[in-house]
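K.L.:
How does the following fold in three dimensions:
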Amino acid sequence: MTDMEQMGKRAKAASREIAALGTMGKNKVLLDIADELLKNAGNIIESNKKDLEEGRKNGLSAHLLDRLMLDEKRIEAIAEGVRSVERLPDPVGEVESMKVRPNGLKIGAKRVPLGVIGIIYEARPNVTVDAAVLCLKSGNAAILRGGKEAFYSNIALCDVMRSALEKNGLDPDILQLVPDTSRETAVKMMKLSGYLDVLIPRGSAGLIRSVVENATVPAIETGIGNCHVYIDKDADLEMAANILYNAKCSRPSVCNAAESMLVHKDVAEKFLPMARKKLDEKNVEIRGCEKTCEILKDGAVKASEEDFYTEFYDYIISCKVVSSFDEAVAHITKYGTGHSEAIVTENYTSAQRFLDEIDAAAVYVNASTRFTDGFEFGFGAEIGISTQKLHARGPMGLREMTTVKYIVYGNGQVR
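P.N.:
Sure thing, here's the model as predicted:
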């Protein structure tokens with residue numbers, strides 16, 4: 001079994017090197033990584049084929065195999081993603097709120113790296129590169145632990161990036177991949193106190209729950225997205241149908257996809273057949289409450305209580321007809337995960353109440369939940385969507401991968 005403590009020690013030692021590297025040095029590493037990914041595309045694709053073969057043997061679904069697959073076009077997109085991170089402003093070294101106290105002390109908050117970031121994630125191999133380059137650009141060392149589905153792909157990608165670090169005269173242990181996908185190793189990683197400064201899980205609700213239950217390292221919860229679209233009684237129904245379709249169908253396997261629709265009773269008779277027609281374009285299964293099934297008849301199946309809690313990652317959506325705005329808010333409060341929630345309405349008061357009363361990382365009026373994304377918010381690349389409230393909430397970009405230390409200038413002051 002992998003010696004996680006030794007990996008932690010190496011990462012801690014290497015973290016000082018990357019933290020001291022200036023913006024130009026970090027950017028050079030990132031550009032070299034992008035170039036090396038393209039040069040080594042053939043080897044990466046061959047490694048990926050092993051993962052795809054294993055995935056088929058193990059019965060992975062078609063959409064998971066698609067998320068896993070790498071070809072030249074996808075590697076080119078990954079390389080371009082690395083270059084886009086290189087172009088982002090570097091938050092490290094920024095000094096905020098420099099103030100002069102009455103005693104003459106100058107006190108400011110300076111942005112610095114978190115240190116060593118551990119990231120546990122599942123399935124998609126592009127996350128290996130996304131996570132690594134965001135850590136590097138923000139001056140952090142990283143220990144990555146991917147899922148078994150992308151094991152060979154992750155090794156190939158990590159080898160390329162470590163080679164780029166060495167090419168620049170840097171310790172390759174600034175970036176390490178855990179070469180063991182066992183649960184025991186994952187739990188050991190969750191307990192690397194003294195080495196890991198923060199742990200970020202990206203993946204299923206089960207993974208997030210395991211981290212919350214086992215980690216002794218500070219952790220940031222990301223990605224669980226039981227997102228709702230509420231069609232208010234004052235909604236533009238054509239707009240609502242288009243927003244719902246985009247939120248559910250544009251990419252159902254991601255955390256900002258809608259998993260549930262709530263429809264006000266005053267528009268349910270008219271809207272639900274419109275929604276059914278639109279969702280039929282992707283053969284979406286509607287699991288509805290009694291009233292939904294009554295209106296749609298064969299166009300819906302009866303939902304269980306569990307369905308309203310479920311993040312389907314598929315062309316399935318739960319549906320409830322609600323009697324009031326307050327019932328919609330109560331439903332979202334009970335079943336939501338604090339990720340992204342949307343209302344479709346032309347009523348200003350309802351829109352403002354929704355913004356005020358819904359407790360989520362992103363709350364939308366008349367727009368799709370699919371916009372919860374670092375690039376869409378103008379932050380650039382992200383490490384994940386934080387659904388908690390401490391340190392970072394919403395899309396976690398470079399700034400959220402730093403902390404502050406206070407710098408104090410004096411001229412002989414004593415207390």
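
K.L.:
Now do the SS call for residue 181.
P.N.:
Of the three states, residue 181 takes coil under DSSP: H, G, I helix; E, B strand; the rest coil.

K.L.:
which residue sits closest to it in space, ignoring its chain neighbours?
P.N.:
residue 148 (4.1 Å; Cβ to Cβ, 6 or more residues apart in numbering). C-beta coordinates here come from the backbone N, C-alpha and C atoms, glycine included.

K.L.:
Quick one: the strands in the stretch 251-400 of the chain, in order.
P.N.:
Remark: strands assigned in the stretch 251-400 of the chain by DSSP state E, counting those that start in this stretch are 258-264, 285-288, 301-302, 316-322, 340-344, 362-365, 385-386, 394-395.

K.L.:
most packed of those?
P.N.:
Per residue and on average, the most neighbours among the strands of the stretch 251-400 of the chain fall to strand 340-344, with a mean of 30 (mean count of other Cβ atoms under 10 Å).

K.L.:
what sits up against it?
P.N.:
225, 227-232, 235-236, 239-240, 243-244, 247, 256, 258, 328, 332, 350-351, 354, 358, 360-369, 372, 385 (Cβ atoms under 8 Å, 6 or more residues apart in numbering).

K.L.:
Kindly recompute the last result at 6 Å.
P.N.:
The contact list for strand 340-344 (Cβ atoms under 6 Å, 6 or more residues apart in numbering) reads 227-232, 235, 240, 243, 256, 332, 354, 358, 360, 362-366, 369, 372.

K.L.:
Would you mind listing which of those residues are buried?
P.N.:
227-232, 235, 240, 243, 256, 332, 354, 358, 360, 362-364, 369, 372 (16 or more other Cβ atoms under 10 Å).

K.L.:
what's the closest of the strands of the stretch 251-400 of the chain to residue 209?
P.N.:
Counting by Cβ to Cβ, residue 209 lies closest to strand 385-386 out of the strands of the stretch 251-400 of the chain; the figure is 16.0 Å.

K.L.:
what's the spacing between the closest one and its chain's center?
P.N.:
5 Å (Cα atoms, centre = their mean, to the nearest Å).

K.L.:
and that strand, what does it pack onto?
P.N.:
Using 3 or more Cβ pairs under 6 Å, 6 or more residues apart in numbering; DSSP states H and E as the contact test, no helix or strand touches strand 385-386.

K.L.:
quick one on the thing from earlier: around the residue nearest to residue 181, count how many other residues there are.
P.N.:
Residue 148 is flanked by 16 other residues according to other Cβ atoms under 10 Å.

K.L.:
Who are the packing partners of the helix or strand encompassing residue 143?
P.N.:
In the assignment (DSSP states H and E), residue 143 maps to strand 141-145. Packed against strand 141-145 by the contact rule (3+ Cβ pairs under 6 Å, 6+ apart) you find helix 4-20, strand 116-121, helix 126-137, strand 175-177.

K.L.:
Dump the strands of the stretch 251-400 of the chain to JSON lines, plus distance to residue 28 and mean pLDDT.
P.N.:
Output for the strands of the stretch 251-400 of the chain, formatted as JSON lines (distance: least, Cβ to Cβ, whole Å; pLDDT from 0 to 100):
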{"stretch": "strand 258-264", "distance to residue 28": "41", "mean pLDDT": "98"}
{"stretch": "strand 285-288", "distance to residue 28": "50", "mean pLDDT": "97"}
{"stretch": "strand 301-302", "distance to residue 28": "56", "mean pLDDT": "96"}
{"stretch": "strand 316-322", "distance to residue 28": "46", "mean pLDDT": "98"}
{"stretch": "strand 340-344", "distance to residue 28": "36", "mean pLDDT": "98"}
{"stretch": "strand 362-365", "distance to residue 28": "34", "mean pLDDT": "97"}
{"stretch": "strand 385-386", "distance to residue 28": "30", "mean pLDDT": "88"}
{"stretch": "strand 394-395", "distance to residue 28": "26", "mean pLDDT": "90"}
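
K.L.:
nearest to residue 55, of the ones you listed?
P.N.:
The nearest among these, by Cβ to Cβ, is strand 316-322 at 21.7 Å.

K.L.:
where along this structure do the helices fall?
P.N.:
In the chain, the helices defined using DSSP state H lie at 4-20, 23-39, 41-57, 62-68, 72-87, 126-137, 151-167, 183-190, 205-214, 237-249, 265-279, 290-296, 325-335, 348-357.

K.L.:
Looking at the ones you listed, spot the one closest to residue 316.
P.N.:
Ranking these by proximity to residue 316 (Cβ to Cβ) places helix 237-249 first, at 8.9 Å.

K.L.:
List of residues touching the closest one?
P.N.:
By Cβ under 6 Å, 6+ apart, helix 237-249 touches 229, 231, 258, 261, 271, 274-275, 278, 282, 317, 344, 368-370.
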